[in-house]
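[1] fold the following and give me the result.
(one chain, ligands or ions: 2)
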Amino acid sequence: MDKNELWQALLAQIQFNISKANFATWFRNTGIVSKEDGSIMVSVPNNFSKEWLENKYNKLIFKILRSLDDGVKEVKYNVTHTETKPREIPPNPAPDDIYNNSSQMEFTELKVNKETNLNPRYTFNNFIVGPFNELPQAAALAIVRAPGSIYNPLFVYGGVGLGKTHLIQAIGNEIAKKFPEKKIKYLSSEKLTSGIVSSIQNHSIDKLKLLYKDLDVLIVDDIQFIAGKEKTQEEFFHIFNGLYERNKQIILSSDRPPKAIASLQERLKSRFEGGMIADISLPELETRIAILKIKSQEKKLNFPDEIIEYVAQNIQRNVRELEGALNRLSAYQTLNNRIPDIETAKILLKNVIFSPKKTTNPENIIRTVACFYDLKDNDILNVSRRKEIVKPRQIAMFILREELKSSFPFIGRKFGGKDHTTAIHAHNKIAKELEKDENLAEEINLIKEQIYSI
Ligand code: ADP
Ligand code: MG
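    Ligands and ions are numbered 1, 2, ... in the order given. Model prediction:
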């Protein structure tokens, strides 16, 4: 058996030993690079696959390889950065292409695609799978292989911060990669609603319908928000049917199952229930540890197991909070140039862990932002174009919006009677910068930490 045959034989066997979802996650883009004197070097696409294979699957891999070739003495893993290929239509996309077709996160440009509204940061590659999300992930992979033909619609539901947006956007991104000719659109339910409402007002609803009709994949996030909006539901029903009848893929997410969405028309409920409903539940301890480890590696952080376990034990509600905890620890590390010890970690995470319900108010946010930048409250409230004030002011507006969901007109009024477009501009600007500036993200996390520590 040459090295390729050996690895193929291993993959064939390993598939029966682990879940499909785990297989897809950890074994795609792997292979044997060399086999010398019984020493096998396995290439893996990134560091977290490496650690995962070494820690979790090495025994199994070794056992299987040895059973196939008793000359095998040891297995090692090495990260090989495959080059990102230009997008092209494969001549005959193989159904299982997904296993070989991953993008390297390092090379991903983190810009929202104007055409599809998809954020390339959400991929299957960096989507961690455990029992809590195995079913929706498997359904998602099946859809990527053959959009529109298996589960339609796919309805993913689960609590906040559990990865719904990540997963449904990953489907869009992967389909875009596999089938570049397909037209894909990702929308929040608010965008969907505002599009429908304004085209009713402008008498251009037929034009809007044509736009949707043209799509191959429609993804709507947080669909529960169309509850109670009769006109939107009415039009969405027709949009849905138009796509569905032509076997176009529809993917929806919600914080609850269709039957639990109050004031949702029965006919929409039954449409939503007509495909695959998959829920994301809470990740259990082992998965939380895995998530923390993988995410720390992505951020090139190396926290001791003791800290990782402390976080995993104490933060149980969702993945977003796990990420938040890591950000705090990492901000500390950046500022102090050393890894926090467990006692420091406990202090840093006190608020996340012991205050189940976080509350604040606009005054507190403004005071904290001002204080963070060594300014007086009035400095950031008043109109000034001084550079050192513009940024804190925009950050304060951003946090008001994010944390309190304050309306833009309200925010505008608070900040020197500006109109709402100023607030929208500030919010967009910071949101955009956050996409590429990790330091800013850390800065804002620190501010939030202070906001909630009072
Ligand atoms: P939801 O839409 O359910 O509220 P998100 O998709 O916005 O949740 O996820 C919150 C954060 O947690 C995002 O940064 C996302 O990338 C991350 N996340 C959630 N689930 C996973 C997962 N399974 N693997 C990796 N990251 C995840
Ligand atoms: Mg979401």
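[2] need the helices for the stretch 101-250 of the chain, in chain order.
    Taking DSSP state H, counting those that start in this stretch, the helices of the stretch 101-250 of the chain run over residues 134-145, 164-178, 189-201, 205-213, 230-245.
[3] nearest approach to E443 belongs to which of the ones you listed?
    helix 164-178 (23.5 Å; CB to CB). All C-beta spots, glycine's among them, are computed from the backbone N, C-alpha and C.
[4] export the helices of the stretch 101-250 of the chain to CSV and tack on mean pLDDT, mean neighbour count and distance to ligand 1?
    What follows is the helices of the stretch 101-250 of the chain, written out as CSV (pLDDT from 0 to 100; neighbours: other CB atoms under 10 Å; distance: least, CB to the nearest ligand atom, whole Å):
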stretch, mean pLDDT, mean neighbour count, distance to ligand 1
helix 134-145, 93, 22, 8
helix 164-178, 98, 23, 3
helix 189-201, 94, 16, 12
helix 205-213, 93, 14, 23
helix 230-245, 95, 17, 20
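[5] of all those helices, which one comes closest to L292?
    helix 164-178 (16.1 Å).
[6] quick check, that closest one touching ligand 2?
    Yes: Helix 164-178 is in contact with ligand 2 by CB under 5 Å from the ion, via K164, T165.
[7] what's that helix packed up against?
    Packing partners of helix 164-178 (3 or more CB pairs under 8 Å, 6 or more residues apart in numbering; DSSP states H and E): helix 134-145, strand 154-158, strand 184-188, strand 217-221, strand 249-254.
[8] quick check, the residue in the stretch 1-150 of the chain closest to ligand 2?
    Y122 (10.3 Å; CB to the ion).
[9] with distance to S204 as extra columns, can I get the helices and strands packed on helix 164-178 in a markdown table?
    What follows is those, written out as a markdown table (distance: least, CB to CB, whole Å):
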| stretch | distance to S204 |
| --- | --- |
| helix 134-145 | 31 |
| strand 154-158 | 29 |
| strand 184-188 | 17 |
| strand 217-221 | 19 |
| strand 249-254 | 23 |
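[10] would TSV of these with distance to ligand 2 be doable?
    Compiled in TSV, these are given as follows (distance: least, CB to the ion, whole Å):
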stretch	distance to ligand 2
helix 134-145	13
strand 154-158	10
strand 184-188	8
strand 217-221	6
strand 249-254	6
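[11] excluding chain neighbours, what is closest to the residue of the chain found nearest ligand 2?
    Evaluated by CB to the ion, the chain has T165 as its residue closest to ligand 2, separated by 3.2 Å. Among residues not flanking T165 along the chain, D221 sits closest, at 5.6 Å (CB to CB, 6 or more residues apart in numbering).
[12] and the one you found, how many neighbours?
    22 (other CB atoms under 10 Å).
[13] from memory it sits against D255, does it?
    No: using CB atoms under 8 Å as the test, D221 is too far from D255 to be in contact (10.5 Å).
[14] show me the domain layout of this structure.
    3-79, 95-280, 285-353, 362-452 (automatic domain parsing).
[15] G324: what secondary structure?
    Following DSSP: H, G, I helix; E, B strand; the rest coil, G324 is assigned to helix.
[16] which residues sit in contact with the residue in the stretch 151-300 of the chain that ligand 1 sits nearest to?
    Minimum separation of the stretch 151-300 of the chain from ligand 1 (CB to the nearest ligand atom) falls at G163, amounting to 2.4 Å. With contacts defined as CB atoms under 8 Å, 6 or more residues apart in numbering, G163 is in contact with F127, N133, I280, V319.
[17] pLDDT score assigned to F179?
    We have a pLDDT of 97 for F179.
[18] buried sites along stretch 273-281?
    Buried residues in stretch 273-281, defined by neighbour count with 16 or more other CB atoms under 10 Å: G275, M276, I277, A278, D279, I280.
[19] what mean pLDDT does it have?
    Here the average pLDDT along stretch 273-281 is 90.
[20] would that stretch count as contacting ligand 1?
    No: using CB under 6 Å from any ligand atom, we find that stretch 273-281 stays clear of ligand 1, coming within 6.9 Å at best.
[21] and the contacts of that stretch?
    For stretch 273-281, contacts defined as CB under 8 Å, 6+ apart pick out 132-133, 135-136, 139, 150-159, 162-164, 167, 250, 257-259.
[22] ok, that stretch near ligand 2 or not?
    No: judged by CB under 5 Å from the ion, stretch 273-281 makes no contact with ligand 2; its nearest approach is 10.7 Å.
[23] ok now that stretch, how far from the chain's centre?
    18 Å (CA atoms, centre = their mean, to the nearest Å).
[24] first-to-last residue distance for that stretch?
    Stretch 273-281 has its terminal residues 19 Å apart, counting by CA to CA, to the nearest Å.
[25] where does E286 land on pLDDT?
    On the pLDDT scale, E286 gets 89.
[26] that one: which element?
    helix 285-298 (DSSP states H and E).
[27] measure E433 to A426 for me?
    E433 sits 11 Å away from A426, going by CB to CB, to the nearest Å.
[28] those two: who's more crowded?
    Between E433 and A426, counted using other CB under 10 Å, A426 has the larger neighbour count: 25 against 17.
[29] let me know whether the more buried one touches M397 as I believe.
    Yes: counting by CB under 8 Å, M397 is a contact partner of A426 at 4.1 Å.
[30] kindly report the residues of the stretch 51-200 of the chain close to ligand 2.
    Counting by CB under 5 Å from the ion, the residues of the stretch 51-200 of the chain near ligand 2 are K164, T165.
[31] show me which residues of the stretch 51-200 of the chain are close to ligand 1?
    So far as CB under 6 Å from any ligand atom goes, the stretch 51-200 of the chain lies against ligand 1 at N126, F127, I128, N133, G158, V160, G161, L162, G163, K164, T165, H166.
[32] the same query, at a cut-off of 8 Å, please.
    Applying CB under 8 Å from any ligand atom, we find that the stretch 51-200 of the chain lies next to ligand 1 at 121-122, 126-130, 133, 137, 158-167, 169.
[33] can you check the stretch 351-454 of the chain too?
    The stretch 351-454 of the chain comes close to ligand 1 at no residue, as judged by CB under 8 Å from any ligand atom.
[34] which stretches of the stretch 351-454 of the chain form helices?
    With DSSP H, counting those that start in this stretch, the ranges of helices along the stretch 351-454 of the chain come out as 362-372, 377-381, 387-404, 408-414, 420-436, 438-452.
[35] which other residues reach the last one?
    Under the contact criterion CB under 8 Å, 6+ apart, helix 438-452 has outside partners 324, 327-328, 330-331, 334, 348, 351, 355, 358, 360, 364-365, 368-369, 371-372, 395, 398-399, 403, 430, 433-434.
[36] mind listing what's buried in that helix?
    Buried residues in helix 438-452, defined by neighbour count with 16+ other CB under 10 Å: A441, E442, E443, I444, N445, L446, I447, K448, E449, Q450, I451, Y452.
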